[in-house]
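Colleague: Here is the input, now give the coordinates:
(one chain, ligands or ions: 1)
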Amino acid sequence: MSGVRQRGLCWRCAQGHVGAMQETLVSIWTRTRRTLEAAGVEFPVNEARLLVEAGVGVSRLDIITDPRRPISDAQAANVTALAERREAREPMAYILGRKSFWTLDLEVNADVLAPRPETELLVEFALGHLNTDAPARVLDLGVGSGAILLAILSDRPRAEGVGIDSSVGALAVARANAERIGVAGRATFIHSNWWRDVEGAFDLIVSNPPYIPTADIAGLQPEVALYEPKLALDGGEDGLDAYRAILDGLASRLRPGGVFALEVGQGQAEAVAALAIDHGFRVGPHRLDLAGIPRVVTGKLTGPD
Ligand SMILES: C[S@@+](CC[C@H](N)C(=O)[O-])C[C@H]1O[C@@H](n2cnc3c(N)ncnc32)[C@H](O)[C@@H]1O
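Modeller: Numbering: from 1, shown residues only. Below you'll find the predicted structure:
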């Protein structure tokens, strides 16, 4: 981005004497928007506003109701630094350090996948399966930021949850989010390679595992390919490695009547359902996302309900 000050009319008197033009909320918003447009980001107007809010320390209302409010050089430099990160296509969630998911405002960093809106389908299924007043034990395999598990625990006050991940950094983020949301007393986080260190049985087992075929990762949008943890993306040669590992251990960890729900990538639902049936499960109807893509494969053990 260009420097934070421009030559031009004096901002105080609007006279044509030579002087540094004062940056205002609207001028830095416009400049940031142009930078993001040139970098090819998808929503430059909105994102530029969010960067101004974060860099200056103002609200959306401040920008809209008082656009000509002058900002200091230090504030302008903050916005410029944030815009340069976004210009390099770092995800907004990492730059802002937070991401909304379900009803939660989660802290995120580069150790975790930024939770996606389609994953809320999995939460919706889970909540439909758990009674509001009944105790239940929930397991989230590959808990990441804690998005799925913490959304469930925050809406089901009698549920207890275990979140496992093989990333120590991700577990630290999930723990911190559990504390902030106020459910840490009902959540346990375990460092584990899938089932290796999981104990006990569960009423509900959920997972949004890594499912991108290895060879496809480099071709994803730069925000994902360059910044999100490979461990959260890489599903092996056909994208299904994690489903095989999860389904191998699933039957012995489900309580009688228990169910599982697995998020899947586009075009993977039938293959994952077939794997689940091979492992002795009865598969339910797939849950479709807003684009009509099957996104969640659900099932339970065969036999009497
Ligand atoms: C796609 S991310 C999902 C994160 C979070 N559940 C969500 O939906 O936003 C997959 C997660 O699985 C974890 N993971 C990958 N391989 C694993 C393994 N072998 N054992 C446990 N967790 C693993 C990653 O570290 C990552 O946090």
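Colleague: which bits of the protein sit near the ligand?
Modeller: Within the chain, the positions near the ligand by CB under 6 Å from any ligand atom are 112-113, 115, 119, 142-145, 147-148, 164-167, 170, 193-194, 208-210, 231-232. Every C-beta, even on glycine, is put in place using the N, C-alpha and C of the backbone.
Colleague: residue boundaries of the strands in the stretch 151-300 of the chain?
Modeller: Along the stretch 151-300 of the chain, the segments classed as strands by DSSP state E, counting those that start in this stretch run 159-165, 187-191, 202-207, 254-263, 281-283, 287-288, 294-301.
Colleague: Show the pLDDT at Gln15.
Modeller: You'll see Gln15 listed with a pLDDT of 44.
Colleague: hmm, back to that, if burial is judged by neighbour count, which of the residues of the chain next to the ligand pass?
Modeller: Among the residues of the chain next to the ligand, those scoring as buried are 112-113, 115, 119, 142-145, 147-148, 164-165, 167, 170, 194, 208-210, 231-232 (criterion: 16 or more other CB atoms under 10 Å).
Colleague: quick one: which of those sit in helices?
Modeller: Among those, the members falling in helices are 147-148, 170, 231-232 (criterion: DSSP state H).
Colleague: okay, now the domains of this protein?
Modeller: 6-88, 99-301 (automatic domain parsing).
Colleague: Name the stretch among those that sits most buried.
Modeller: domain 99-301 (a mean of 19; mean count of other CB atoms under 10 Å).
Colleague: what distance separates the start and the end of that one?
Modeller: End-to-end distance of domain 99-301 (CA to CA, to the nearest Å): 35 Å.
Colleague: What of stretch 229-237?
Modeller: With CA to CA as the measure, stretch 229-237 spans 17 Å from end to end.
Colleague: tell me the mean pLDDT over that stretch?
Modeller: Stretch 229-237 comes out at a mean pLDDT of 98.
Colleague: for stretch 41-58, same thing?
Modeller: 97.
Colleague: any idea which of the domains of the chain scores lowest on pLDDT?
Modeller: Note on the domains of the chain: lowest mean pLDDT is at domain 6-88, with a mean of 87.
Colleague: mind checking how far it is from the chain centre?
Modeller: Domain 6-88 sits 27 Å away from the centroid of its parent chain (CA atoms, centre = their mean, to the nearest Å).
Colleague: go on, stretch 106-117?
Modeller: Put simply, stretch 106-117 sits 4 Å off its chain's centre (CA atoms, centre = their mean).
Colleague: Likewise for stretch 268-284?
Modeller: Relative to its chain's centre, stretch 268-284 lies at 26 Å (CA atoms, centre = their mean).
Colleague: Show the end-to-end separation of it, please.
Modeller: Separation of the first and last residues of stretch 268-284 by CA to CA is 15 Å.
Colleague: Could you do stretch 126-144 as well?
Modeller: 17 Å.
Colleague: Need the nearest residue in space to Thr103, chain neighbours excluded.
Modeller: Closest residue to Thr103 apart from its sequence neighbours, by CB to CB, 6 or more residues apart in numbering: Ser154 at 6.8 Å.
Colleague: meant to ask about Leu149
Modeller: Spatial nearest neighbour of Leu149, excluding adjacent residues (CB to CB, 6+ apart): Asp140 at 3.9 Å.
Colleague: That neighbour should be in a helix, yeah?
Modeller: No: applying DSSP: H, G, I helix; E, B strand; the rest coil, one finds Asp140 to be strand, outside a helix.
Colleague: Run a quick check on it versus Glu160, I expect a contact.
Modeller: No: if you go by CB atoms under 8 Å, Asp140 and Glu160 don't touch, sitting 11.8 Å apart.
Colleague: Provide a list of residues in contact with Ala232.
Modeller: Ala232 sits next to 112-113, 142, 144, 167, 170, 210 when contact means CB atoms under 8 Å, 6 or more residues apart in numbering.
Colleague: ok, now which ones touch the residue nearest in space to the middle of the chain?
Modeller: The residue lying closest to the centre of the chain (CA atoms, centre = their mean) is Pro115, at 1.4 Å. Contact analysis of Pro115 by CB under 8 Å, 6+ apart lists 99, 101, 106, 108, 144-145, 147.
Colleague: Nearest to the ligand among these?
Modeller: Nearest to the ligand among these is Gly144, at 2.5 Å by CB to the nearest ligand atom.
Colleague: Report the contact partners of that closest one.
Modeller: Contact analysis of Gly144 by CB under 8 Å, 6+ apart lists 112-113, 115, 165, 167, 170, 173-174, 208, 232.
Colleague: got the contact list for the residue lying closest to the residue nearest to the centre of the chain once chain neighbours are set aside?
Modeller: Leaving out its chain neighbours, the residue that sits closest to Pro115 by CB to CB, 6+ apart is Ala147, at 3.7 Å. Contact partners of Ala147, counting by CB under 8 Å, 6+ apart, are 101-102, 104, 106, 115, 119.
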